[in-house]
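what's the 3D shape of this:
(one chain, ligands or ions: 2)
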Amino acid sequence: MSFTVAIIGRPNVGKSTLFNRLISERRSIVDDLSGVTRDRQYGLCEWNGKTFNIIDTGGFVPDSKEFFESAIRRQVTIALEEAHAIVFMVDVTNGILHTDQEVARTLKKSKKPMFVTVNKVDNHSRLLDASEFYSLGFDVFYPISSINGSGTGELLDKITELIPLTDAEQEDITDAQNIPKMAIIGQPNVGKSSLLNALIGTERMIVSDIAGTTRDAVHTHYNLFKKDLILIDTAGIRKKNKDKNDLEFYSIIRAIKAIDEADVCLLMIDALNGITAQDVNLFSLIARKGKGIVLLVNKWDLVKKETNTAKVYEEQLKKKLAPFNDIPILFVSVLDKTRIFKALEMALTVYEHKTKRISTNQLNEILLPELDKYPAPSVRGHSIKIKYLTQVTAQVPAFAFFTNYPDDIKKPYRNFIENQLRLHFNFTGVPIRIFFKKK
Ligand code: GDP
Ligand code: GDP
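Numbers count the residues shown, from 1 in each chain. Ligands and ions are numbered 1, 2, ... in the order given. Sure, this is the predicted structure:
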């Protein structure tokens, strides 16, 4: 299940400060997986063994005074439709403003769980000021300081109470269902619905322009060369919606849900645009969530080709995706139906990579001699020895390396180990995890 929380509220109340605080725990891990440090509007928050998606809606509202009233109204509507819970943020330093009241009225009509947070309560005297917010008409509110973190623990406790399963329990369930699930992910207009239609062979993607009629991801059972798989369809994003911010918001929130449900994501980019910052963000989100990836460069029919075009294109893509660039890249044209079945086949191969288990024997026989040839540099005069390794149960291939000094193994050596694993055992398209343990 994918639990999604949206933070809404006026500009400058502190939404992105809270957002950054909530995702910061994972920052270091995140940055390991991708070079992206650009501001994100969405991320993962982990608390008490449970993980949820968090969206900073402020990132989708234009930075202009004139527009923000109506933009916030739409942002609230979308958040109410798409998120599982809402954090409605107000600011103790400027009290209740008209927009706050308006948002409060809309929220009260919804049955979604909500958390009214009064932000910037940095000290005790501001806590007294916060009582003013009872007049918004909610029974409970959470005084917090996004800057110093006070109150955010209580807020997170309450939010995570709504999430039924811990990550570990979730993994057990996922393991039990063994039909591979694939999702087509990408920016608006890259060709996702066209691909789905081409694969399924009928025009079954109905896009409604009636406000409020959204549908959740539809699962299509698919059979390719006698292999079962499920295609997760995230369509239903209102194409008629003219507002670019809204469209982006919808597509991101849908993409996040689909990624959560999928085993392997077919990440589609537009050949003419090349890979954009948003694409890279989606890529790193997929990797962080531990899902398999096949990169599809669509609309390849529009690219003028010379001898090495695909090769050069691929090399440039891999450079942008480093360090995690051991992924299949396919140049497709949904329009011409070029390599679209190949894309699914590749997704199935990635699924195999993701779920395979390598025996401890095999791992040690092949990898230990390689690691002995290039041992980790010694630290403070002691040499580091990796004694053995084993694959551990996890959502992605994960390997525990037992060593005398687990804390002294640095990133370059970790990367070397990852490359060796990839070289000998083929995990193309799959993020892998490596742990060092004391032995
Ligand atoms: P957003 O527009 O709602 O995303 O607001 P920002 O997160 O950009 O914050 C707006 C301003 O409020 C920034 O100058 C923040 O440093 C400040 N701010 C955010 N949270 C707090 C807080 O808890 N206490 C104080 N004193 N300032 C805060
Ligand atoms: P979505 O928003 O990602 O679902 O994108 P659509 O499937 O609606 O496609 C957006 C536009 O790109 C449509 O006009 C498609 O006809 C066009 N399109 C999709 N795939 C291709 C392709 O391989 N080549 C070309 N030239 N156009 C394509």
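
separation between the closest residue to residue 438 other than its chain neighbours and ligand 1?
Spatial nearest neighbour of residue 438, excluding adjacent residues (C-beta to C-beta, 6 or more residues apart in numbering): residue 406 at 5.2 Å. C-beta: built from backbone N, CA, C; applies to glycine. Residue 406 sits 37 Å away from ligand 1, taking C-beta to the nearest ligand atom, to the nearest Å as the criterion.

Just give the number of residues close to residue 406.
Residues near residue 406, counting by other C-beta atoms under 10 Å, number 16.

Could you double-check that it lies in contact with residue 437?
Yes: taking C-beta atoms under 8 Å as the definition, residue 406 is a contact partner of residue 437 at 5.7 Å.

interface residues of the stretch 51-200 of the chain facing ligand 2?
Within reach of ligand 2 by C-beta under 6 Å from any ligand atom, the stretch 51-200 of the chain has these residues: 186, 188-194.

Which members of those are the farthest-apart pair?
188 and 194 (12.3 Å; C-beta to C-beta).

quick one: contacts for the closest residue to residue 93 other than its chain neighbours?
Setting aside the residues directly before and after it, residue 93 is nearest to residue 120 in space (C-beta to C-beta, 6+ apart), at 5.1 Å. Contact analysis of residue 120 by C-beta atoms under 8 Å, 6 or more residues apart in numbering lists 13-14, 91-93, 126, 145-147.

Up against ligand 2, what does the stretch 251-400 of the chain have?
Counting by C-beta under 6 Å from any ligand atom, the stretch 251-400 of the chain sits next to ligand 2 at 298-299, 301-302, 333-335.

Need those residues in JSON lines (columns: distance to residue 368, neighbour count and pLDDT).
Formatted as JSON lines, these follow (distance: C-beta to C-beta, whole Å; neighbours: other C-beta atoms under 10 Å; pLDDT from 0 to 100):
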{"residue": "298", "distance to residue 368": "43", "neighbour count": "28", "pLDDT": "97"}
{"residue": "299", "distance to residue 368": "46", "neighbour count": "22", "pLDDT": "97"}
{"residue": "301", "distance to residue 368": "48", "neighbour count": "14", "pLDDT": "96"}
{"residue": "302", "distance to residue 368": "49", "neighbour count": "11", "pLDDT": "96"}
{"residue": "333", "distance to residue 368": "45", "neighbour count": "19", "pLDDT": "97"}
{"residue": "334", "distance to residue 368": "46", "neighbour count": "25", "pLDDT": "94"}
{"residue": "335", "distance to residue 368": "50", "neighbour count": "14", "pLDDT": "92"}
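
among the residues you listed, which are in strands?
Residues of these located in strands (DSSP state E): residue 298.

before we move on, which element is residue 160 in?
helix 152-161 (DSSP states H and E).

which residues are contacting that helix?
5, 18, 21-22, 45, 47-48, 50, 52, 85, 87, 115, 117, 142, 144-146.

Also near ligand 1: which of these, exactly?
145-146.

Low-confidence stretches in the stretch 301-439 of the chain?
For the stretch 301-439 of the chain, no stretch has pLDDT under 70.

can you give me the helices for it?
Taking DSSP state H, counting those that start in this stretch as the test, the helices found in the stretch 301-439 of the chain are 309-321, 340-355, 360-373, 411-425.

between the ones you listed, which gets nearest to ligand 1?
helix 309-321 (28.1 Å; C-beta to the nearest ligand atom).

Buried residues, the closest one. List them.
310, 313-314, 317, 320-321 (16 or more other C-beta atoms under 10 Å).

Run the chain-centre distance for that helix.
23 Å (C-alpha atoms, centre = their mean, to the nearest Å).

Dump the C-alpha coordinates for that helix into PDB.
Only the C-alpha atoms of helix 309-321 are listed here, as PDB (Å, rounded to 0.1, in the frame of the first residue of the first chain):
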ATOM      1  CA  THR A 309      23.100   7.900 -32.400                       C
ATOM      2  CA  ALA A 310      21.600   5.300 -30.000                       C
ATOM      3  CA  LYS A 311      25.000   4.500 -28.500                       C
ATOM      4  CA  VAL A 312      26.000   8.100 -27.900                       C
ATOM      5  CA  TYR A 313      22.500   8.800 -26.500                       C
ATOM      6  CA  GLU A 314      22.800   5.900 -24.100                       C
ATOM      7  CA  GLU A 315      26.200   6.900 -22.900                       C
ATOM      8  CA  GLN A 316      25.000  10.400 -22.100                       C
ATOM      9  CA  LEU A 317      22.000   9.000 -20.200                       C
ATOM     10  CA  LYS A 318      24.200   6.700 -18.200                       C
ATOM     11  CA  LYS A 319      26.400   9.600 -17.300                       C
ATOM     12  CA  LYS A 320      23.400  11.600 -15.900                       C
ATOM     13  CA  LEU A 321      22.100   8.600 -13.900                       C
END
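
elements contacting that helix?
Contact here means 3 or more C-beta pairs under 8 Å, 6 or more residues apart in numbering; DSSP states H and E; on that basis helix 309-321 packs against helix 277-288, strand 292-298, strand 329-331.

which of the ones you listed is buried the deepest?
strand 292-298 (a mean of 27; mean count of other C-beta atoms under 10 Å).
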